[in-house]
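S.K.: Turn this into a model:
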Amino acid sequence: MPHEMQDSAPFINRYTPSPTKMDPSSLSFPPIAPLLRDKPTEGLKVFAMKESNLTSPWKMAEIVEIKPKGKDFQYKVKFDGKEPVFKTMTGKQLAYEKESQVRLPVGTRCIAVYKEDDEEDFYPAVIAEKPKVANKDRYLVFYDDGYASYLEHSDLRVVYKANNDVWMDIDPGTREFVKLYMQVFPNRNMVKLTEGA
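M.R.: Residues are numbered from 1 along each chain as shown. Below is the predicted model of the structure:
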């Protein structure tokens, strides 16, 4: 028959579908999905703002008590160390112990690793740019002290609670800059970092 197909070479599928947000194992980053924040619970290990200013590093702590305060909650935490230090704080002063399971959108309030000499600590920051090829698949973050850096996903921890206008949670010294940046994002050319930064 003229239209009968002949059994020639076996079919080889040369098409490999691109990674999708539903298949995180094929991505070098966590999947793209909504960033959902769980409520902190007693006994949970967290990073917490130990000092009273926003430019100091956050330290490991454990939530020992949760009390309602109006429509929100206050969290009593115990900081790790030789002598226990207790402090009461809000969700804006607590961050997850582990990295997020989803990619972080621009404007996410977080704490970010800052490395100097052989030491590293987590400092408060905000996501300013998502990972892409142009920035070597790293996030651009603005620290509250005005410093900017490109970081890997594993160097970031999400803060439990944040204002919708994220600049309201940032140190007053850099608040106006971050506000202007976020209001014009993604149409901005305000920051240009050099390689190695």
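
S.K.: can we go C-alpha only for contacts and neighbour counts from here?
M.R.: Will do.

S.K.: any weak-confidence spans in this structure?
M.R.: Along the chain, the parts satisfying pLDDT under 70 run over 1-29, 188-197.

S.K.: Excluding chain neighbours, what is closest to residue 96?
M.R.: Distance criterion CA to CA, 6 or more residues apart in numbering; nearest residue to residue 96, sequence neighbours excluded, is residue 46 at 5.2 Å.

S.K.: residue boundaries of the helices in this structure?
M.R.: 172-184 (DSSP state H).

S.K.: show me the contacts for residue 151.
M.R.: Applying CA atoms under 8 Å, 6 or more residues apart in numbering, we find residue 151 in contact with 112, 138, 139, 140, 141.

S.K.: let's see it at 6 Å
M.R.: Neighbouring residues of residue 151 by CA atoms under 6 Å, 6 or more residues apart in numbering: 138, 139.

S.K.: So for residue 78, what's the nearest residue that isn't a sequence neighbour?
M.R.: Nearest non-adjacent residue to residue 78, counting by CA to CA, 6+ apart: residue 86, 4.5 Å away.

S.K.: How much space separates that neighbour from residue 149?
M.R.: For residue 86, the distance to residue 149 under the criterion CA to CA, to the nearest Å works out to 32 Å.

S.K.: Burial check on residue 146, number of neighbours?
M.R.: 15 (other CA atoms under 10 Å).

S.K.: ok, for it, nearest residue in space, not its chain neighbours?
M.R.: Residue 146's closest residue in space is residue 174 (CA to CA, 6+ apart), at 5.7 Å.

S.K.: got the contact list for residue 111?
M.R.: Contacts for residue 111 (CA under 6 Å, 6+ apart) come out as 122, 123, 124, 125, 156, 157.

S.K.: Burial check on the fifth one, number of neighbours?
M.R.: Residues contacting residue 156 under the criterion other CA under 10 Å number 28.

S.K.: isn't it right next to residue 112, touching?
M.R.: Yes. Look at residue 156 against residue 112 with CA atoms under 6 Å: they come within range, at 4.6 Å.

S.K.: In this model residue 143 seems to touch residue 125, though I could be wrong.
M.R.: Yes. In terms of CA under 6 Å, residue 125 counts as a neighbour of residue 143; the distance is 4.0 Å.

S.K.: between those two, which one's more packed in?
M.R.: Counted by other CA under 10 Å, residue 125 and residue 143 do not tie: residue 125 has more neighbours, with 30 against 26.

S.K.: Quick check: the gap between the more buried one and residue 67.
M.R.: Taken as CA to CA, the spacing of residue 125 relative to residue 67 amounts to 27 Å.

S.K.: Kindly report the same for residue 152.
M.R.: Residue 152 sits 35 Å away from residue 67, taking CA to CA as the criterion.

S.K.: How about residue 128?
M.R.: In this structure, residue 128 lies at 33 Å from residue 67, with CA to CA as the measure.
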